[in-house]
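J.: Sharing a model that was predicted from the sequence below.
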Amino acid sequence: MKRVKMLAGNWKMNKLNRELAGFFATFFESVGWYRDETISDRIDVLFAVPATLMAQAVPLAEPNGVRIAAQNIHWESAGAFTGEISLPMITEAGVTATLIGHSERRQYFAETDETVSRKTKAALNADVMPIVCIGETLDQREAGLTQEVVSRQVKAALEGIEDPKDLVLAYEPVWAIGTGRSATAAQAQEVHAEIRQLLRAKYGQSIGSSIRVLYGGSATPSNIEDLLSQKDIDGALVGGASLKPDDFAKMVRAGL
C-alpha cells in the first residue's frame, strides 16, 4: 500500500509571531508551492509550533494545505492543570494535529508510556492527528535494548486503540536528537521495519501497512534522500532544519 510521505517540522521553543509571515512566504516560494498546485496532493507538510503561534500560523499555512500542529496536549478537556493546553483549545485555533510523547517531554517533563497512551486516545477521540514519538536512549541502544524499548513504547501507546484513524508514529532515537548524530538510513530502516511488524500484528495487514512511520533524529537536507529511499520510512520529523525555510523546503522537495 502506498503511503503519502510526510515532512513535519518541530519548532520546539523557537520563533515569535512577528517572524511567521516572512517564514511562510520564504518557505512556500522556496518549495515552488505556488508554481505547482499538485505539491500538497503529493506530500503532507506540517509544522508543530509553540502554543503562542498556533492561531496566527493556521491562516498562513492551512489555506495552502499545510497543517499546523501542537507540540503537546493534555488528555483532559478542561480542569485544574496549570500550564497545560487542551484539545478543545487547539482545535478552537484551527489546529488539527499534535505531537505526543516527544523525547524531550519524556526526559524533562515526566512524560510516561501511560500519559502517552492517554493523550493518544484523547487525540483520536477528538479527530486530531496524533504524531506519537518513540525511541531509545544511547545507553539502551548500546545495551542492545532498542527493539525491546521501541516495542514496549509502541504497544503502550496503542493499548486499547482499535481504530488508529490517521495516527502517525515517529521513531526518534534519542541519542540522535539535536546532537548532529543521525542513525544511518540502514539503522533507521531496521527499526522502522520492526515497528511495521508490530503494527501489522495489532491491526492486520491492510491497516498496519497504512500507518505512517516517520524518522526523527537530526534529519537534514544532506541525509533526507537516503532516509526517504528506505522502504518503511514514510517521512521525517525535523527539528533544527525546520527553523530555516530554505533548508526545510529542500527536504520537502526531496520527498516529492
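T.: Received the coordinates, thanks.
J.: what number of residues lie near Phe109?
T.: A count of nearby residues for Phe109, using other C-beta atoms under 10 Å, gives 11. Using the backbone N, CA and C atoms, a C-beta is placed for each residue, glycine as well.
J.: Kindly report the same for Phe27.
T.: Per other C-beta under 10 Å, the neighbour tally for Phe27 reads 25.
J.: Quick check: nearest residue in space to it, chain neighbours excluded?
T.: Nearest non-adjacent residue to Phe27, counting by C-beta to C-beta, 6 or more residues apart in numbering: Pro245, 3.9 Å away.
J.: which residues does the one you found contact?
T.: Going by C-beta atoms under 8 Å, 6 or more residues apart in numbering, Pro245 touches Phe23, Phe24, Thr26, Phe27, Ser30.
J.: Kindly report the same for Asp166.
T.: Counted by C-beta under 8 Å, 6+ apart, Asp166 has contacts Met129.
J.: That one and Pro130, how far apart?
T.: Separation of Asp166 from Pro130 (C-beta to C-beta, to the nearest Å): 9 Å.
J.: Between these two, which contacts overlap?
T.: Contact criterion C-beta under 8 Å, 6+ apart; no residue bridges Asp166 and Pro130 by contacting each.
J.: what's the helix or strand for Glu136?
T.: Using DSSP states H and E, Glu136 is not contained in any helix or strand.
J.: Would you agree it is in contact with Ala176?
T.: No - applying C-beta atoms under 8 Å, one finds Glu136 not in contact with Ala176, separated by 10.2 Å.
J.: Please identify the buried residues of the helix or strand of the chain with the lowest mean pLDDT?
T.: Sorting the helices and strands of the chain by mean pLDDT, DSSP states H and E puts helix 138-142 at the bottom, at a mean of 87. Neighbour-count burial for helix 138-142, counted by 16 or more other C-beta atoms under 10 Å, picks out Gln140, Arg141.
J.: Centre of the chain to that helix, how far?
T.: Relative to the mean C-alpha coordinate of its chain, helix 138-142 is positioned 22 Å out (C-alpha atoms, centre = their mean, to the nearest Å).
J.: which residues of the chain fall in strands?
T.: For the chain, the strands defined by DSSP state E cover 5-10, 43-48, 66-70, 97-100, 129-134, 168-171, 212-215, 235-238.
J.: what comes up buried for the third one?
T.: Of the residues in strand 66-70, Val66, Arg67, Ile68, Ala69, Ala70 count as buried by neighbour count, 16+ other C-beta under 10 Å.
J.: who are the neighbours in contact with the first one?
T.: Translated: Val66. Ser40, Val45, Leu46, Phe47.
J.: Buried members of those into ChimeraX, please.
T.: Filtering these down to the buried ones (16+ other C-beta under 10 Å) takes a single ChimeraX command:
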select :45,46,47
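J.: OK, contacts around the closest residue to Ala126 other than its chain neighbours?
T.: The shortest distance from Ala126 to any non-neighbouring residue, by C-beta to C-beta, 6+ apart, is to Leu87 (4.3 Å). By C-beta under 8 Å, 6+ apart, Leu87 lies in contact with Ile73, His74, Ser77, Thr98, Ala122, Ala123, Ala126, Val128.
J.: Any of those residues buried? List them.
T.: Ile73, His74, Thr98, Ala122, Ala123, Ala126, Val128.
J.: between these, which is nearest Gly235?
T.: Using C-beta to C-beta, Thr98 comes nearest to Gly235 of the buried ones among the contacts of Leu87, at 16.5 Å.
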